Structure formats: C-alpha cells, structure tokens
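[1] Sequence plus the predicted model coming up.
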Amino acid sequence: MTGAGTDAGQPTAVAELDSAVESAQSAFEKARAADPATRAAWLEAVATGLEQDAPALVEIAARETHLGIPRLDGELRRTVFQLRLFEAEILQGEHFDATIDHADPHWGMGPRPDLRRYNVPLGVVGVFGASNFPFAFSVMGGDSASALAAGCAVVHKAHDGHRGLAVRTAETVTSALDAAGAPSGLFSLVTGRRAAEALVDHPLVKAIGFTGSTAGGRALLDRTAARSEPIPFFGELGGINAVFVTPKAWAGRSEEILAGYAGSFTLGMGQFCTKPGLLFVPAAGSVAGPGELRGVLAGALAGFSPAQLLSERLHGGYSDAVRRLSGTAGVDVLLEGDFAAAPAPTVLRTTADAVRSDPGILRQEMFGPASLVVEYEDEDELPALAELLEGQLTTTLQAEEDDDVAELAARLTDISGRVLWNGWPTGVTVSYAQNHGGPYPATTSATTSVGTAAIRRFLRPVAYQSFPAARLPEPLRDSNPWNVPQRVDGAWHRPSGAQEGAL
C-alpha cells in the first residue's frame, strides 16, 4: 500500500489518515518481532528499489525543486548508502543494548533478582519531510530509514514543495517492501495540512520526526506536548552555524578562509541547514579593512552561478530576512546581491559592539545565499560573543595549532552538536560517529538525525524480571539465538559467528 491520499494533487482526508495509521499499527504488531536479518532484507529491498527507479526519481526531483541533476544524483546515492549502513548496523545488533543480570543472592546491596533489559521499537512514527533535501531528508530520508531500522512503522507526511516526487518515491518504497514480504502498511504516505495535524494528534502515533523551519517545528512540538499522551518530537530546525576565526589564522590565511566561506555559504544556493550564517573575524590586522574585505569576497564569489531557490515561498522568506537584517541598526551591506529569481549572494557586516547591544542580530537565519560577517577587536571577546548565540547544529574554529582557544572551544561545545576545526560545516557525512543535532532551537532533543545513532531515537528500554527462559525476547536469552552483543553480569560478550553487516 502506497498510502492514503497519494494522488499528487489531492490532500489526504482525515478519515484516510486514520486508516493509514491503523494499518501502520497492524503492520508494526506483525513486524515488531522480526529478526535482524529479516528487517535488514527489507531495508535492502528499499535501497535496491530506489537504485532501480533512480532515473525517474531524479527527473521528477529536478523538475519540482530546481536542483541540478548532479546534486540530486549524489543525494539519492547518499540515501541508498544510508539505508545500507543502517542495514549493517541492525545486523550487528548493538542497538538492542541487550543487558543480562543473572540472579545473585550475594549482590552488594542485597539479593538481586534475574533482570534483563533491551531496547524495543516505539511503534508508529510520523515523519515530516524537508523541502531542501528531497531525498536525504524526505520520504526515505534519515528519519524514515532510522525508524524502519529500529523496528517501527512509518507514516510519512509529504512536503508540498515536491509532492509528485514524494508520491513516486513512496510507490517505489512500498512496492519494494511488498515484494520483500514486509507487512502491508509498514510504510505509507499522506499529504496536506489537515492530515499533518491529525497525524501528530493520532493516539496510535508514538513519535514524530521533523526537519524544517523553527516556526513550523515549534508549532508541532507544542502540539505533541499538548496531547493527552505527550510523545517524543525529534525536530531538526536548522541554525546559524557560526564560524570563529582567530587573529593568527586570519593573519596567515585570510584569503583561503574567505574562499572557503564563500563556497560554503553559497553551496546549494545557501539552502543547507548547516550553511555558515556568521563569520567572526578580526576588525584589523590582516586585510586592511572593509574595502579590502569586500574585494577579496567579491573575488571569491566571482565564479558563482546563481540558480532558482527551491520555491517561491522560500524565495520570499529569504528576501524578507535579508532586507530585515540589513535594515537593523549596526548592520550594513558589505557585498550587495539581489533578489532576482536566481539571486546573487549578499554579505552583510556588523561589529561585536553592535551584537552586544542587540544579540538578536546573531539569531536571524537567512535561508539562501546570504551571510553576516561580525568584526571583533580583541580575541578575548570571542568566548563572551559565543555565549550570545542560541543553539547551533554546528560551530567552527578557524585557528592555528598554538592558539589558546580552550575557553572558546568549551563554549562552542556547550551550544552546538558538531564542532569543526579548520573546516566548513556544509556536508554532513552519514557515519557511525556523526552527530547532527544541537541545543534548541537547532533541534528539540538531545539526539542526532544523521548517522547510525539516529536509530536509537525510536527505541525505548524495557526490563524483564524473573521471566521464564522460554518467554524472554530472543536478544535476552542465554542461548542468544539472534547472536547479538550482550552485556552479561557487567561484561560485554560478542558471540562467535555473530551476524556482521557489510557495506
């Protein structure tokens, strides 16, 4: 079943949404006990289906989003890779966190009963697709893929910015799951605002995954909290992604830094949630002043080829944001762009004094090819300037090995989910150690939406006390029929012949 209301022009009725969620619950109940090999086979079927349908999917995506074919090809490859990485991860079984404490009459605080704990899937998960990544953060993006890997069922709310692509992708996914023998309803698609609201409110839905705007995410967060049974809301809301350049780094390689900055904040027309929206640089000491800074940036952007933004709505929001910030006291235009259908980049400039007077200057996201340079007078100002920032997905240090940035790095750790050294934040690899999150308003949780750890968002621990051996879930049995890692009486054991995922 592709899902309710999957005609690209017809929103899903609330009754259809109810049916989709009920089917998802039924599928979850059938699939929840599937062993890792079976679940991995379902993910592999989806990955293969997307590969086989790639030409048609990319063609639809290019038509609906204005993104180029090379970018979309790469994003779809990333999506398939992610599915296979999750497949390998669940075959290893570490996400179960299977823990066994045998009964111990001599336990230090008194006799201990037999206790066994592992992670179980939450149930039906509602996922909201993002506009700026029509594959990687959409129908079978990170939230949907990690929820399926965890053992949940998924009802995906399509983004209106690429509804036709969402429908075609969902058809590919559900056909692949059906062919692989997964229960009908394990994945489905719905469209439209009324269905979105009903999805968040539905009593069978046990978690929501969201990637989008701060305003939209906050509205859904409040809605989940207002339910009679509040549920987890895993919202990734973007961020400003501040970059701090030390005087030594600026003196030695300012042109290199500005070239990297220009390439990063304009990548994908500045429509990445990790775009560097702030660049803190010394007010003097290398490039002579604003005039030369302007010239170096203009040179770095000379080869930039503008393209249309994702939608008219986003274009309007971008234009409003740039105009609003450029009209703020203490902010001036360093490099003037435009608001054409394919806009040229804009760089604004302000000072440390101005942002201390009005910290709101540092908190205005411009979703598009624009960024703000903040000039400071003394390196000692940087930790306090960092404290003016809200939660960030990323922060970056452009520094030298002998720079004393311990205090600044500590402040950046406090406010961000990923801290970079001499790099640029655009580009979020899918890997084991990746963290794509951060304190609010970057996200609404202390988790990651990218990488293998994303699977654990959709799990919860359950302990079984004094259960008969035959009634224990497979990961908690002494015989360990699924060959998963187990922590037994405090010591970790990985059985010989355990299933290994391979990429």
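    Thanks, I have it. Numbering: from 1, shown residues only.

[2] Quick one: mean pLDDT for the helix or strand in which R163 is found?
    Using DSSP states H and E, R163 sits in helix 163-179. Per-residue pLDDT values over helix 163-179 give a mean of 98.

[3] Neighbouring strands of the next helix or strand after that helix in the sheet, and parallel or not?
    Toward the C-terminus, helix 163-179 is succeeded by strand 187-190 as the next helix or strand (DSSP H and E). Using DSSP bridges, the strands paired with strand 187-190 are strand 153-157 (parallel).

[4] rewinding a little: tell me the angle the helix holding R163 makes with strand 153-157.
    Per axes from the mean of the first three to the mean of the last three CA atoms, to 10 degrees, the angle that helix 163-179 makes with strand 153-157 is 160 degrees.

[5] Any buried residues in helix 163-179, and which?
    For helix 163-179, the neighbour count (16 or more other CB atoms under 10 Å) marks 163, 165-174, 176-178 as buried. Where you see a C-beta, it was placed from the backbone N, CA and C, and this is true even at glycine.

[6] same deal with stretch 364-374?
    Q364, E365, M366, F367, G368, P369, A370, S371, L372, V373, V374.

[7] Off-centre distance for it?
    20 Å (CA atoms, centre = their mean, to the nearest Å).

[8] how far away is the residue nearest in space to the middle of the chain from V80?
    Central residue of the chain (CA atoms, centre = their mean): S449, 3.9 Å from the mean position. S449 is 18 Å from V80, where distance means CB to CB, to the nearest Å.

[9] Now R218: which helix or strand?
    Going by DSSP H and E, R218 is in helix 214-226.

[10] what domains does the record give for the chain?
    Domain ranges of the chain: 14-237+445-461, 242-421, per automatic domain parsing.

[11] Neighbours of A406, how many?
    Look at A406: counted by other CB atoms under 10 Å, it has 9 neighbours.

[12] Of the domains of the chain, flag the one that's most buried.
    Of all the domains of the chain, domain 14-237+445-461 has the most neighbours on average by mean count of other CB atoms under 10 Å, namely a mean of 21.

[13] chain center to it: distance?
    On the basis of CA atoms, centre = their mean, domain 14-237+445-461 is displaced by 12 Å from the centre of the chain it belongs to.

[14] Ok, stretch 410-429 next?
    That offset, for stretch 410-429, works out to 14 Å (CA atoms, centre = their mean).

[15] Please apply the same query to stretch 476-484.
    33 Å.

[16] Mind listing residues that contact it?
    Stretch 476-484 is contacted from outside by 35-36, 92-94, 96, 98, 100, 116-118, 464, 469, 474-475, 486, 495, 497-499, using CB atoms under 8 Å, 6 or more residues apart in numbering.

[17] Okay, and which of the residues you listed map to strands?
    Per DSSP state E, strands hold the following members of the contacts of stretch 476-484: A98, I100, R116, R117, Y118, Y464, Q486.

[18] Isn't the third one up against S466?
    No - counting by CB atoms under 8 Å, R116 stays clear of S466, with 9.5 Å between them.

[19] on contacts alone, who are the packing partners of the longest helix along the chain?
    Identified as the longest helix of the chain according to DSSP state H is helix 69-92. Counting contacts by 3 or more CB pairs under 8 Å, 6 or more residues apart in numbering; DSSP states H and E, helix 69-92 is packed against helix 36-52, helix 54-65, helix 142-150.

[20] pLDDT on the second one, on average?
    Mean pLDDT, taken over the full extent of helix 54-65, equals 96.

[21] one step back: turn the helices and strands packed on helix 69-92 into TSV, columns for distance to A219.
    Output for those, formatted as TSV (distance: least, CB to CB, whole Å):
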stretch	distance to A219
helix 36-52	30
helix 54-65	24
helix 142-150	18
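
[22] Tell me which of those lies nearest to F210.
    Taking CB to CB, helix 142-150 is the member of the helices and strands packed on helix 69-92 nearest to F210, at 7.7 Å.

[23] quick one: low-confidence ranges for the stretch 251-400 of the chain?
    For the stretch 251-400 of the chain, the stretches with pLDDT under 70 are 285-291.

[24] Which parts of the stretch 201-350 of the chain are helices?
    Using DSSP state H, counting those that start in this stretch, the helices of the stretch 201-350 of the chain run over 214-226, 247-266, 290-300, 312-326.
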